[in-house]
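J.: below are the sequence and a predicted model; questions follow.
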Amino acid sequence: MTQQEDLQALSELNASFIQNFISQDVPGHDRILHQDFVCIENSGEIVGRQDYLRDWATAYENSGCSSFRHEDEFIRIFGNVALVRSKTVSTKLIEGVVVEGNTVYTDTYVKENCKWLCVQAQITPVS
């Protein structure tokens with residue numbers, strides 16, 4: 001793969017990551033995660049792959065979001081490792097008031113057997 005093809009593949013994976021969240025697609029999400037995957041939640045808690053996927057099945061439903069999207073994507077490739085950073089924009093209804101929230105996340109991908117897999121996700125809330 002050329003670097004441009006890798007950038008395209010990683011951008012598509014990033015979009016899939018978000019779509020998998022909204023649709024709560026556990027099998028689809030499972031396919032893009034490395035076996036050693038961990039997520040560092042916005043609370044600082046480190047969640048392993050098994051617990052993460054278990055929670056994924058209801059994560060969007062439990063989030064209270066009425067909309068969720070990503071923007072400002074930035075991808076850097078370092079050999080067989082890539083960092084994918086984006087900002088999320090979510091909308092929730094809290095006590096009758098529409099509230100927009102943001103996070104910035106960095107997903108770390110590793111390329112194994114010509115396939116990019118997410119090995120770590122880190123989410124940071126934006127005030």
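T.: Yes, it's here.
J.: which other residues reach the helix or strand harbouring residue 22?
T.: Assigned by DSSP states H and E, residue 22 belongs to helix 3-23. Defining contact as C-beta atoms under 8 Å, 6 or more residues apart in numbering, one finds that helix 3-23 is touched by 1, 25, 28-29, 32, 56, 59-60, 68-70, 73, 75, 77, 82, 84, 86, 88, 107, 109, 111, 116, 118, 121. Quick note: C-beta positions are derived from backbone N, CA and C, even for glycine.
J.: cool, and stretch 55-75?
T.: 7, 10-11, 14-15, 18, 20-24, 26, 29, 47, 82-94.
J.: which among those residues count as buried?
T.: Among those, those scoring as buried are 7, 10, 14, 20-21, 26, 29, 47, 82, 84, 86-90 (criterion: 16 or more other C-beta atoms under 10 Å).
J.: residues in contact with the closest residue in space to residue 35 that isn't next to it in sequence?
T.: Spatial nearest neighbour of residue 35, excluding adjacent residues (C-beta to C-beta, 6 or more residues apart in numbering): residue 49 at 7.1 Å. Residue 49 makes contacts with 33, 35, 36, 37, 38, as judged by C-beta under 8 Å, 6+ apart.
J.: for the last one, list each beta-bridge partner.
T.: Beta bridges link residue 38 to residue 48, residue 120, judged by DSSP bridges.
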